[in-house]
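A.B. asks: compute the structure for the input listed below.
(chains A and B)
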Amino acid sequence: MTITVPRPKLNWRERLYLPAIASGLAITLKHFKNMLFGRTKVTMQYPEQKWDSHLPDYYRGAPALVRDSGGRVRCVACQLCEFICPPRAIKIIPGEIPPSDRFAKVEKFPQEFDIDMIRCIYCGMCEEVCPEQAIFLRKDYAITGFTRADMVHHKEKLLEIGGVMHGVVLKWNEKK
Amino acid sequence: MNFFFIITSLIKIAIVLGVILFMVSYAVYAERRVSAFIQDRVGPNRVGPAGLLQPLADMFKLLLKEDFTPRTTNTFYYWLAPCLAVMPAIITIAVVPFGSTLFGIPMVIADVNVGIFFVFAISSLGVYGIVIGGWASNSKYPFLGGIRSSAQMLSYELSLGLAVIPVFLLVGSLRLTSVVQYQIEHGWFIAPFIGDWMNPWKWLLTIPMIISFLVFMIAIFAETNRLPFDLPEAEQELAGGYNTEYSSMKFALYFLGEYAAMITGAAVVVTLFFGGWHFPGIPDGSHGWIFGLINIAVFLAKVAVVIFLFMWVRWTLPRFRWDQLMRLGWLFFFEIALVNIFLVAGILAYMTP
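C.D. replies: Just a heads-up that it's a prediction; the model follows:
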């Protein structure tokens, strides 16, 4: 079956073609002028302007380890986050706290705590599973590096991002 | 041909060449900014304040790229073509008066008495760069681009030449400085507000002059491969057209030639229809060197306005189809330009001075 597409019959003004060109030029000139005088709202100039202050509280950025108000690393190297992590981005090597230590009750501490930020999918499961409230997803989102090794966040880096967190769960507190 | 003439000419050539190359690099920047503004974008704004050093970055990028010559090309012509694309565009500017006088030296490199013939003769050579480049690349898209270019140039050269005949019917000389001189005495061709402008015959003459200007302008668009007629390098159809196989500095030369041709075209349009370096109320360079400089500045400002017009049209209109282009050239502009000549000749025959 053939379909005949009816062509619109143009009047003389449309066939002259010039009025259409003129109106087109007027439209583009209007856009040019609005942009020139800053009346057009364009995209945010990203590295100079940032949206950081508008990020919601529940924003899931880079995962990070936190210290408690006493300056102690909260992680007890239970390895639950390593186990739950869907892309297996977390690698923990636990160390033992000697019995003579003040916090001997805690038993373990993370000797090494690496999160491969190439693998991390920012799902937040590590934060959810952590019994000690030691790992949190912070608002850092621009994670960059020149090599793959650069993209692995070691313990120091994670603690630097995490900072101090005042919380309620204090397993090693004597009163608990 | 004395020593003084040779020295001043060499200085003028050096300065004009420098100014042209400077203008080309900033025309590329302006093109990107104008297109961005028209499309509600920001455009290049990273390198230097407001991106003003972008041309330098572009230059370094093009210089440092690998200059790759495909194995299947016809090497001699492949190397020759980009040079052929640049030279005509830059040579043409020699006859265009870009200012009155500065310290008594006329601000035109070569004031030949066949000025407009020189412009047409040399600027038509620009097509060789494209055709030879398209053929020597030994690839189908450049080849198609070259073919299209040759046919397009042939079609629009006609209306280009015919459109300016009315101007020279009025002026009575092919020298471009006398075209400017005529416009100083009788007003710009498309806006004759000076001299005997109360004369109704003068206004009657303005109508064919505006037609002539429109036809000439459109033909210049086609001649310089600017957008409603950029079929030789139609990016979407031909993957870049005649310059597909070129890289690095050879591609840059094509780019340079294209923009230099645009600047030259704008300069010719300004000289023929917008009164060249003349602006009402500003005396010429014989009244002091400061006026000589102002005249040059006026000329450059007018050229900048025409270049903006080129860009504005480019980012507004879509490309013509091939048959539409040919029909427009042969069945429309050619006839209009031809009738226009008779119109002007008729008016001139009955015009009371």
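A.B. asks: tell me the residues of chain A that contact chain B?
C.D. replies: By Cβ under 8 Å from any Cβ of the partner chain, the residues of chain A that approach chain B are A:21, A:24-25, A:27-29, A:31-32, A:34-36, A:40, A:42-43, A:45. The C-beta positions use only the backbone N, C-alpha and C, and glycine is treated the same way.
A.B. asks: so which of the residues you listed wins on neighbours?
C.D. replies: Top of those by neighbour number is A:Phe32, holding 23 neighbours under the definition other Cβ atoms under 10 Å in any protein chain shown.
A.B. asks: contacting residues around it?
C.D. replies: B:Val34, B:Phe37, B:Ile38, B:Trp312 (Cβ atoms under 8 Å, 6 or more residues apart in numbering or on different chains).
A.B. asks: now do 7 Å
C.D. replies: B:Val34, B:Phe37, B:Ile38 (Cβ atoms under 7 Å, 6 or more residues apart in numbering or on different chains).
A.B. asks: put the alpha carbons of the longest helix seen in chain A into CSV.
C.D. replies: Counting by DSSP state H, the longest helix found in chain A is helix A:18-36. Only the C-alpha atoms of helix A:18-36 are listed here, as CSV (Å, rounded to 0.1, in the frame of the first residue of the first chain):
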residue,chain,number,x,y,z
LEU,A,18,13.1,35.4,3.1
PRO,A,19,10.6,36.2,5.8
ALA,A,20,11.3,32.8,7.4
ILE,A,21,15.0,33.5,7.3
ALA,A,22,14.4,36.9,8.9
SER,A,23,12.4,35.5,11.7
GLY,A,24,15.0,32.7,12.3
LEU,A,25,17.7,35.3,12.5
ALA,A,26,15.6,37.3,14.9
ILE,A,27,15.3,34.3,17.2
THR,A,28,19.0,33.5,17.2
LEU,A,29,19.8,37.1,17.8
LYS,A,30,17.5,37.2,20.8
HIS,A,31,19.2,34.2,22.3
PHE,A,32,22.6,35.8,21.6
LYS,A,33,21.6,39.0,23.3
ASN,A,34,20.0,37.3,26.3
MET,A,35,23.2,35.3,26.8
LEU,A,36,25.4,38.3,26.3
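A.B. asks: what's the following helix or strand after it?
C.D. replies: strand A:63-65 (DSSP states H and E).
A.B. asks: give me the number of residues near the nearest residue to A:Val42 once chain neighbours are set aside?
C.D. replies: Sequence neighbours aside, B:Val42 is the residue nearest to A:Val42 in space, at 5.7 Å (criterion: Cβ to Cβ, 6 or more residues apart in numbering or on different chains). Using other Cβ under 10 Å, B:Val42 is surrounded by 15 other residues.
A.B. asks: could I get the average pLDDT for the longest helix of chain A?
C.D. replies: Mean per-residue pLDDT for helix A:18-36: 88.
A.B. asks: tell me how far that helix lies from the chain's centre.
C.D. replies: Distance of helix A:18-36 from its chain centroid, counting by Cα atoms, centre = their mean, to the nearest Å, is 41 Å.
A.B. asks: ok, the closest residue to chain A within the stretch 201-350 of chain B to B:Trp322 distance?
C.D. replies: With Cβ to the nearest Cβ, the shortest gap between the stretch 201-350 of chain B and chain A falls at B:Thr316, namely 4.4 Å. According to Cβ to Cβ, to the nearest Å, B:Thr316 and B:Trp322 sit 20 Å apart.
A.B. asks: more crowded one of those two?
C.D. replies: The residue with more neighbours, out of B:Thr316 and B:Trp322, is B:Thr316; 19 against 14, by other Cβ under 10 Å.
A.B. asks: quick one: contacts for the closest residue to that one other than its chain neighbours?
C.D. replies: Excluding its sequence neighbours, the residue lying closest to B:Thr316 (Cβ to Cβ, 6+ apart) is A:Thr28, at 4.4 Å. Counting by Cβ under 7 Å, 6+ apart, A:Thr28 touches B:Ile38, B:Trp312, B:Trp315, B:Thr316.
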